[in-house]
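K.L.:
Structure for this input, please:
(2 chains)
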Amino acid sequence: MLFTILQQAPGGPLTPYLQNPHITQADIERLKHNLGLDQPVYVQYFKWLGRVLTGDFGWSQSNSEPVTQAIVERLPATLELMGASFVLSLAIGVTAGIVSAVKQYSWLDYLVTTFAFFGQSMPVFWFALMLQLLFAVYGIPLGFGYKIQLPSAGISESDTFILADRLRHLVLPTIVLSLLFIAQWSRFMRSSMLEVIRTDYMRTAAAKGVSRTAVILKHGLKNALIPLVTVIALSLPGLVGGAVITETIFAWPGMGRLFINALGQFDFALLMGYMMLTSFLVIAFNLIADVCYAWLDPRVKYS
Amino acid sequence: MAATLPLDPSAVAAADEGAPSRNTVWRRFRRHKVALAGGVIMILLALIAICAAPITALILHQDPNAIDNVHWQGYPLAPGAFGHTLGTDENGRDLFARLIYGAQISLTVAVFAVIMEISIGTVLGAISGYYGGWVDFVIMRVTDVVLSIPLLPLLLVLTAIVAGTSNKASLNFGVIVLIIGGLSWPAVARLVRASFLSLREREFAEAAKALGNRDGRIIFRHLLPNAVAPIIVQATLEVANVIILESTLSFLGFGIQPPTASWGNMLANAQSNITVAPWAAIFPGLCILITVLAINYLGDGLRDALDPNMR
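P.N.:
A predicted model of the protein is given here:
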């Protein structure tokens, strides 16, 4: 187990090398296109790598500003969306998984597992469109002439910060981005919890007279969470991908939409910067996951 | 003699039980009613996709790419209007006919991409698990790297490069299959590696080796057939994943290019017309949802039937 965790780490420094083909092709393409230059592939790559190491990701053509600036400007919006989704997915996913496992084969369990199947099978962009149709175009009637209407685009109405306004804009994108992860994590949490419930130490704790809720939450949850950490770390790349779709549909001013715009205009400097940054984020969070792992499971030792 | 071999208890138990016979598998699968329904839906869909041309021409009397110049006046036609069962899109093309052709595209892309990723994943996973050592280390590091890069942006960058070096029309069926299939194999490789790690320790593997078989023969003739159950399950679930990936790429404009209909690119234009023509947005997505749901339930049923011990 320790070995697999440590094996995660070498993925980090290798990542830029894997992206090598894009960079070289991209650079060559751009150079041929704009300057009529033609240098060997590896020269391009190492030049680019050298600049990246000094923190220079190049000039973004589509935004007429340095790549670093373009990304940093949009980073908070993306982190806001991802953070909100992460918290929502974790809260609902873990709760649903526990309830579903504790009350196995009840109607609640069937509800959760069926929902999980739908959530995993739902095309994210279509789900977003349907929510927009329901909440933004039609509105959900509450009776007495009131209806729930939520904004379908943007992060806020005006430039001044109004909390309620920001939250209203956050609701639909967060639900869309969270759906898949609620589904995956609740399914996983359910099976993990079911395994833990059948163990001896759970029976021992119950036999000592600890109440059922306390047994489940104190002894069960902590052990069932351990494997979930790995699953969460593995689904982070999916979170990045999901954010791209969600931001595009909801006109969210984040990195994902920046990325899609850059794609449309073949702004490769920006694309590479984005890929580097997101891969770096994923790896950083994998490390955090490993630390959480050690914290949750005292059996894991880093030596 | 068995006592001298390194065997883990679960392997012994599995060996005692023996592989489930075809009859047992079918009986277990039949019990799973939703999975059975999923299978039936998939067979129907496959038939529809294969017979797309005769169905649209003879039954619907519609052409997926023809614009209804007689009735269409710049607005999408509503379902039921002028013989368009599900209405038309914003260009006056019959939605039902396009959905059927979209099924053909989505399913073909999915099947070919999955064949590709299963082949790559199985070969790499088998080599990795069988040989171990530095071969295993190198293959698994590559797998980790591919897994740690967000897949969707990576797919998008690759398709954009293809589109950038020639033009967007070059993003055809084959390119999409190659890109999706070439990048989604790591999960399969890990799975196959895990089964090979335990399979190579089993008695029959030792026996095959003792008889002087070449490694290639041991891997593909002796070990692989025993690892086939999880691969089938994974392949089924991957079909669902690829359908979603392809439709997402097409939705964002970097997948199957119009005028060829795909469920994803049909939704691309539907977003801007969603207030006037919600049907153009509802039906293609519903097709994706039903198909993927059917495949996921089918895969779940297959997993239960082929190997109840699998999670």
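K.L.:
so residue B:223 touches residue B:130, yeah?
P.N.:
Yes: under the criterion of C-beta atoms under 8 Å, residue B:223 makes contact with residue B:130 at 6.9 Å. The way it works is simple: take the backbone N, C-alpha and C, and place the C-beta from them, glycine included.
K.L.:
list residues touching both of those two?
P.N.:
Contact criterion C-beta atoms under 8 Å, 6 or more residues apart in numbering or on different chains; residues shared by residue B:223 and residue B:130: B:196, B:200.
K.L.:
Spell out whether stretch A:81-94 and chain B are in contact.
P.N.:
No: judged by C-beta under 8 Å from any C-beta of the partner chain, stretch A:81-94 makes no contact with chain B; its nearest approach is 11.7 Å.
K.L.:
in that stretch, what counts as buried?
P.N.:
Within stretch A:81-94, the residues that count as buried by 16 or more other C-beta atoms under 10 Å in any protein chain shown are A:81, A:82, A:84, A:85, A:86, A:88, A:89, A:90, A:92, A:93, A:94.
K.L.:
Among these, which one sits closest to residue B:305?
P.N.:
Nearest to residue B:305 among these, counting by C-beta to C-beta, is residue A:93 at 27.8 Å.
K.L.:
Not counting its neighbours along the chain, what's nearest the closest one?
P.N.:
Nearest in space to residue A:93, with sequence neighbours left out and distances taken as C-beta to C-beta, 6 or more residues apart in numbering or on different chains, is residue A:185 at 3.3 Å.
K.L.:
Which helix or strand contains the one you found?
P.N.:
helix A:163-197 (DSSP states H and E).
K.L.:
Helices of chain B, start to end?
P.N.:
In chain B, the helices defined using DSSP state H lie at B:9-17, B:22-31, B:33-50, B:52-54, B:95-131, B:133-148, B:151-165, B:173-183, B:186-199, B:203-210, B:215-217, B:228-251, B:263-270, B:278-306.
K.L.:
quick one, the last one and helix B:22-31 angle?
P.N.:
Taking axes from the mean of the first three to the mean of the last three C-alpha atoms, to 10 degrees, one finds helix B:278-306 and helix B:22-31 inclined to each other by 140 degrees.
K.L.:
for the record, mean pLDDT for helix B:278-306?
P.N.:
For helix B:278-306, mean pLDDT is 87.
K.L.:
Check which residues of the helix holding residue A:185 are buried.
P.N.:
Neighbour counts using 16+ other C-beta under 10 Å place A:165, A:169-170, A:172-190, A:192-193, A:196-197 of helix A:163-197 among the buried residues.
K.L.:
Specify which residues of the stretch 151-300 of chain B, grouped into ranges, have pLDDT under the cut-off.
P.N.:
B:163-171 (pLDDT under 70).
K.L.:
which parts of it sit against chain A?
P.N.:
Checking the stretch 151-300 of chain B against chain A by C-beta under 8 Å from any C-beta, the hits are B:151-154, B:156-158, B:160-161, B:163-165, B:240, B:244, B:247-248, B:251-254, B:267, B:270-271, B:274-275, B:278, B:281-282, B:284-285, B:288-289, B:292-293, B:295-297, B:300.
K.L.:
Which residues of the stretch 151-300 of chain A lie near chain B?
P.N.:
A:191, A:234, A:237-238, A:240-242, A:244-245, A:248-249, A:259-260, A:263-264, A:266, A:268, A:271, A:274-275, A:278-279, A:282-283, A:286.
K.L.:
quick one, what contacts the most centrally placed residue in chain A?
P.N.:
Residue closest to the mean C-alpha point of chain A, counted by C-alpha atoms, centre = their mean, is residue A:239 at 2.1 Å. Contacts for residue A:239 (C-beta under 8 Å, 6+ apart) come out as A:82, A:85, A:86, A:177, A:181.
K.L.:
and which of those is nearest residue B:262?
P.N.:
residue A:177 (23.7 Å).
K.L.:
That closest one - nearest residue in space that isn't next to it in sequence?
P.N.:
In space, residue A:177 is closest to residue A:85, 4.1 Å off (C-beta to C-beta, 6+ apart).
K.L.:
That neighbour: helix or strand, and which one exactly?
P.N.:
Residue-wise, residue A:85 maps onto helix A:67-102 under DSSP H and E.
K.L.:
hmm, the next helix or strand after that helix touching chain B?
P.N.:
Using DSSP H and E, the next helix or strand after helix A:67-102 towards the C-terminus is helix A:107-121. Yes: applying C-beta under 8 Å from any C-beta, one finds helix A:107-121 touching chain B at A:117, A:118, A:120, A:121.
K.L.:
can I get those residues in CSV with pLDDT and distance to residue B:43?
P.N.:
Output for the residues of helix A:107-121 next to chain B, formatted as CSV (pLDDT from 0 to 100; distance: C-beta to C-beta, whole Å):
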residue, pLDDT, distance to residue B:43
A:117, 87, 20
A:118, 89, 22
A:120, 86, 22
A:121, 87, 18
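K.L.:
looking at those residues, which has the most residues close by?
P.N.:
Neighbour counts for the residues of helix A:107-121 next to chain B peak at residue A:121, which has 22 neighbours (criterion: other C-beta atoms under 10 Å in any protein chain shown).
K.L.:
Verify the stated contact: that one with residue B:240.
P.N.:
Yes: contact criterion C-beta under 8 Å: residue A:121 and residue B:240 qualify, at 6.8 Å.
K.L.:
and the residue of the stretch 51-200 of chain A nearest chain B?
P.N.:
residue A:126 (3.1 Å; C-beta to the nearest C-beta).
K.L.:
and the helix or strand containing that residue, C-alpha only, in PDB?
P.N.:
Element membership for residue A:126, per DSSP H and E: helix A:124-131. Below are the C-alpha coordinates for helix A:124-131, written out as PDB (Å, rounded to 0.1, in the frame of the first residue of the first chain):
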ATOM      1  CA  VAL A 124     -23.100  16.800 -18.100                       C
ATOM      2  CA  PHE A 125     -23.700  19.300 -20.800                       C
ATOM      3  CA  TRP A 126     -27.200  18.100 -21.400                       C
ATOM      4  CA  PHE A 127     -28.000  18.100 -17.700                       C
ATOM      5  CA  ALA A 128     -26.800  21.700 -17.700                       C
ATOM      6  CA  LEU A 129     -29.100  22.600 -20.600                       C
ATOM      7  CA  MET A 130     -32.100  21.000 -19.000                       C
ATOM      8  CA  LEU A 131     -31.500  22.800 -15.700                       C
END
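K.L.:
how distant is it from the center of its chain?
P.N.:
Relative to the centre of its chain, helix A:124-131 is centred 17 Å away, using C-alpha atoms, centre = their mean, to the nearest Å.
K.L.:
What lies in contact with that helix?
P.N.:
With C-beta under 8 Å, 6+ apart, helix A:124-131 has contacts from A:172-173, A:175-177, A:179-180, A:242, A:245-246, A:248-250, B:247-248, B:251-252, B:267, B:270-271, B:274, B:281-282, B:284-285, B:288-289.
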